[in-house]
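> Below: sequence and its predicted model.
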Amino acid sequence: MRRVLSQPHRSRYDTGMKIALAQMGMTRSIEDNLKTSLAMIADAADSHADMVVFPEIQFSPFFPQYPASSSPLDAGGYAMRLDDPAIEAIRKACADRRIMACPNAYLMEPDGRRIDATLVIGADGSLLGRQGMVHIAQAACFYEQDYYAPDDAIRVIATPFGTIGVCVCFDRHYPETIRTLALRGADLVVIPTANTSAEPEEMFLQEVRVQAFQNSVNIAMCNRVGVEGAMSFDGRSVIVGPDGKVLALAGEKPCLLTADIDLDAAKAMRNDKPYTSLRRPELYA
């Protein structure tokens, strides 16, 4: 597995964690995608990472590129419950390798709704929390309303390293999402995504950097790679510090992107530069 390693992020704070982004391509086989995911977990553990983050719907091809009425793919065949063998395998790998993971799946809720959701799994294999996509796109190649129900909450999740939040793909285009996570105490926001070469790559990078800076929060965005149907996923996964500086940036090929980040630095920066605490929400529409 090819690795792209960042330079260590050094700060005046003592605490931190090493995060890894599993930039990967997917096939139509859940088994193949799971095998790649497990290899990425092993590679991340061997790199001494504390957490590995995966792209959007990592167990399947990107089926939302097709309207449900004319899709050549059986999207329902990729829907998973929390006790699905693939998810159980990820949890076991986390426990075996003592590493946290944030896999993303086409998740079947107990009430039958299907959501685009990231799970946060602890280093003991326990489920610490989950977050689904809140804003559901409906545009060419992103017919997501045909498949996904919206999640009904924006949550933060406690981990041994600090509080994290998940912002699923399209949700990051709404500033309220990452701002809400930061206001609720998130020091790290992970973004599983499916960005293509047809989209404004430089704009997406700057969007993440600006939101990290404005909210004093670490952000890690993990993308897919490869050509699927009419879509070419261009990688460019990125890890950004709470000052908006890029800590690590991937290319267009499958890789494991790593960086050392400091969750306490996000808290300290909010005190030093009180952008969020000086808000005047009573004036906002």
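Cool, got the structure.
> now the strands for the stretch 101-250 of the chain?
Assigned by DSSP state E, counting those that start in this stretch, the stretch 101-250 of the chain shows strands spanning 104-108, 114-121, 127-132, 156-159, 162-166, 188-192, 218-222, 225-228, 231-234, 238-240, 246-249.
> Now render those as TSV, adding mean pLDDT, distance to S70 and mean neighbour count.
Any C-beta I mention is one placed from the backbone N, CA and C, and that applies to glycine too. Compiled in TSV, the strands of the stretch 101-250 of the chain are given as follows (pLDDT from 0 to 100; distance: least, C-beta to C-beta, whole Å; neighbours: other C-beta atoms under 10 Å):
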stretch	mean pLDDT	distance to S70	mean neighbour count
strand 104-108	98	19	24
strand 114-121	98	19	24
strand 127-132	98	25	20
strand 156-159	97	37	18
strand 162-166	96	31	25
strand 188-192	98	26	28
strand 218-222	98	29	28
strand 225-228	97	16	18
strand 231-234	97	16	20
strand 238-240	98	34	27
strand 246-249	98	37	19
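> which one of those strands lies closest to A265?
Distance to A265, taken as C-beta to C-beta, is lowest for strand 218-222 among the strands of the stretch 101-250 of the chain, at 7.9 Å.
> Can you list the strands that the closest one pairs with?
Counting by DSSP bridges, the strands paired with strand 218-222 are strand 188-192 (parallel), strand 238-240 (antiparallel).
> Report the distance from it to the chain centre.
Centroid separation for strand 218-222 versus its chain: 7 Å, with C-alpha atoms, centre = their mean, to the nearest Å.
> which other residues reach it?
For strand 218-222, the surrounding residues in contact (C-beta atoms under 8 Å, 6 or more residues apart in numbering) are 19, 21-23, 53-55, 172, 178, 187-193, 208, 211-212, 237-242, 257, 259, 261-263, 265-266.
> can you state the direction angle for it and strand 104-108?
If you take axes from the mean of the first three to the mean of the last three C-alpha atoms, to 10 degrees, strand 218-222 sits at 80 degrees to strand 104-108.
> Export strand 218-222 to CSV, keeping only CA atoms.
Extracted in CSV, the C-alpha atoms of strand 218-222 (Å, rounded to 0.1, in the frame of the first residue of the first chain):
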residue,chain,number,x,y,z
ASN,A,218,-9.2,20.5,12.8
ILE,A,219,-10.8,19.1,9.6
ALA,A,220,-9.9,15.9,7.8
MET,A,221,-11.7,15.3,4.4
CYS,A,222,-11.3,11.8,2.8
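> tilt between that strand and strand 114-121?
120 degrees.
> my read: V246 touches R236, true?
No - applying C-beta atoms under 8 Å as the test, V246 and R236 come out as separate, 10.8 Å apart.
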